[in-house]
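A.B. asks: the sequence and its predicted three-dimensional model are supplied below.
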Amino acid sequence: MSLAVVSSRALFGLEAVPVRVEVHVGPGLPAFNLVGLPGAGVRESRDRVRSAILSSGFEFPAGRVTVNLAPADLPKASGRFDLPIALGILLASGQIGHTLAAGAKKAGSAGLDCGGHVAANNPDHGLSGKVLPGRPVTPSAPDVSGLVFAGELSLTGAVVSIDAVLAIALAVARDAPGAVLVLPAQCADVAASVPGLTVLAANSLVDVVAHLSGALKLPLAQYRAPVAVPVPEYCLSEVRGQAVARRALEIAAAGGHSLLMSGSPGTGKSMLAHRLPSLLPPLSQAQALEAMALAGVAGRNLALDLTPPFRAPHHSCSAAALVGGGVIPRPGEISLAHRGVLFLDELPEFSRHALESLREPLETGVVSIARSARSVVYPARFQLVAAMNPCPCGWLGHGTRACRCTPDRVDLYRSRLSGPLLDRIDLQVALGAIGRGWSSLPLGESSAVVQKRVTRCRDLQMARQGCVNADLGAGSLEHLAALVPAARQALDDIAQQHSWSGRVIHRVLRVARTVADLAGQDHLARDHVLEAAQYRPTW
């Protein structure tokens, strides 16, 4: 009768919680019991682990095997527990250490020679690294207390890729300094992007056992340098005319502000939105790790990329797809756009429930998904860019096309966007129809030129307050958005004329602060306030 404990991680939201994989092998009728609130994917690991152990040349214990995933009140999902469960069984049954060298017949299929050494370059099991020549297997059970294992096993014993490796790696680096993380070789290089973390790459169960027994050294995962920001596919110079919209786009990029564009079909709304990422500065490594960790939780293990994310869901997506949800809550589009841009085209065509669910994330930068057992909090510090037509037919206010909509239909169409949601959008611009000769207009400034101004403006904000202007709190505006007397009088007059709420006034001040930063001014002048106010239309 023997007991082994192996460390792993369970994922709930973006949080990777420590899990003790406790394996007990005792006498009794053959049984394989898995307890500790396992999900369907974890329960199925019993068959995968049994086949992987046998295919790797080891024996599956004939007695009663009990695996406990502690803590027992935390739901466990996915196949990432296959590797720690298999290692726990081999440790508890005494097959790692002194038993590994016994029996050339059984060991031969696992890649061992008759002397108890691991045979190098075994193509059947994908052994990697150098074999330590003439070194016998350690006769005592290895110490695995400083190792954290996560990996799914195939029936052949190969360790295959898993999701959310960056979330696991960030949690291990934060909670267990000095711990070594053992991951599948296919995704270990992604986890190696986390500073200060040692990651070992495993190709098979045999590799891991040989490493623990001292006969083989698992290779260190190779760190990939962050991907350089590529030349943007879309350039702002391709947009001819629309000077007001171009200016609003630059202000939005410089201050991280949300933007709503309204205009008839073909006025350039989507064209401008797709060029916003080309104006944004590259992410820092910490921001990129956070964004890539969210993508990993959603099932995509991406290499570290400093390009801000850009998400553009279709207007038919549900509230759960936009915000996140599910039995085990997964991040939605607003979290996948964290540190980047969320583009919602045809904004009024989204369901009312989906649009209203954006109100809290726009204000707080996080989204909380509550379930009966516990709540999951995902970061959602995204930059919203939206586009809409002025009416259902799209031609209201057009110079040459007549609108076919009745006033009631126009009001119903616009009422799909509630006042509280519009209050939270900093910049709102109406794009005019393109006139004759627009194709002969000169090209505007390129994205590279505008990006330099945006980067300089953002660097100023980060040095002054540690965040972009769009994230300034109400208290910070008192001294960071100081108004000269003429600017204060102009703001009071406009706010009273349009019955602005306190939230709208604060957002106008944030935009005015960005306008002043682009102009290199410390105090907000009257012109800065007037320009910011023109982006709050009354329609």
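C.D. replies: All right, it came through fine. Owing to the predicted nature of the structure, the values given are computational and were not obtained by experimental measurement. Numbering: from 1, shown residues only.
A.B. asks: and residue 342, that's in a strand?
C.D. replies: Yes - Residue 342 forms part of a strand when assessed by DSSP: H, G, I helix; E, B strand; the rest coil.
A.B. asks: does it really touch residue 383, like I thought?
C.D. replies: Yes - between residue 342 and residue 383 a contact is recorded at 7.0 Å, counting by Cβ atoms under 8 Å. From N, CA and C alone the C-beta is placed, and that goes for glycine too.
A.B. asks: low-confidence stretches in the stretch 351-500 of the chain?
C.D. replies: Scanning the stretch 351-500 of the chain for pLDDT under 70 picks out 373, 437.
A.B. asks: do a quick rundown of the helices in it.
C.D. replies: Assigned by DSSP state H, counting those that start in this stretch, the stretch 351-500 of the chain shows helices spanning 352-356, 359-364, 407-414, 419-423, 447-465, 474-480, 485-498.
A.B. asks: of those, which approaches residue 165 most closely?
C.D. replies: With Cβ to Cβ as the measure, helix 359-364 is the member of these nearest residue 165 (25.8 Å).
A.B. asks: check which residues of that closest one are buried.
C.D. replies: Buried residues in helix 359-364, defined by neighbour count with 16 or more other Cβ atoms under 10 Å: 361, 362.
A.B. asks: could I get the CA-only coordinates of that helix as PDB?
C.D. replies: Provided in PDB are the C-alpha atoms of helix 359-364 (Å, rounded to 0.1, in the frame of the first residue of the first chain):
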ATOM      1  CA  ARG A 359     -22.200  49.100 -19.600                       C
ATOM      2  CA  GLU A 360     -20.400  47.800 -16.600                       C
ATOM      3  CA  PRO A 361     -17.300  46.600 -18.400                       C
ATOM      4  CA  LEU A 362     -16.900  50.000 -20.100                       C
ATOM      5  CA  GLU A 363     -17.000  51.700 -16.700                       C
ATOM      6  CA  THR A 364     -14.900  49.300 -14.600                       C
END
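A.B. asks: now for it, which elements pack on it?
C.D. replies: With contacts taken as 3 or more Cβ pairs under 8 Å, 6 or more residues apart in numbering; DSSP states H and E, helix 359-364 sits against no other helix or strand.
A.B. asks: residues touching that helix, excluding its own?
C.D. replies: Helix 359-364 has contacts (Cβ atoms under 8 Å, 6 or more residues apart in numbering) with 258, 323, 334, 367, 380, 382, 384, 420, 421, 424, 425.
A.B. asks: so where's this structure shaky on pLDDT?
C.D. replies: Within the chain, the ranges that satisfy pLDDT under 70 run 1, 98-139, 227-232, 373, 437, 538-539.
A.B. asks: tell me the domain ranges of it?
C.D. replies: Domain assignment for the chain, taken from automatic domain parsing, gives 2-213, 236-469, 472-539.
A.B. asks: most centrally placed residue in this protein?
C.D. replies: Geometric centre of the chain, nearest residue: residue 294, 2.2 Å, by Cα atoms, centre = their mean.
A.B. asks: quick check, residue 409 in contact with residue 403.
C.D. replies: No - Residue 409 lies out of contact with residue 403 (Cβ under 8 Å); the separation is 9.7 Å.
A.B. asks: of the two, who's got more company?
C.D. replies: Here residue 409 and residue 403 are compared on neighbour count by other Cβ atoms under 10 Å; more neighbours surround residue 403, at 17 against 14.
A.B. asks: my read: that one touches residue 395, true?
C.D. replies: Yes - at 4.7 Å, residue 403 and residue 395 qualify as touching, with contact defined as Cβ under 8 Å.
A.B. asks: can I get the helices of the stretch 351-500 of the chain in JSON lines with distance to residue 534?
C.D. replies: Shown next, in JSON lines, are the helices of the stretch 351-500 of the chain (distance: least, Cβ to Cβ, whole Å):
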{"stretch": "helix 352-356", "distance to residue 534": "25"}
{"stretch": "helix 359-364", "distance to residue 534": "22"}
{"stretch": "helix 407-414", "distance to residue 534": "20"}
{"stretch": "helix 419-423", "distance to residue 534": "16"}
{"stretch": "helix 447-465", "distance to residue 534": "19"}
{"stretch": "helix 474-480", "distance to residue 534": "20"}
{"stretch": "helix 485-498", "distance to residue 534": "10"}
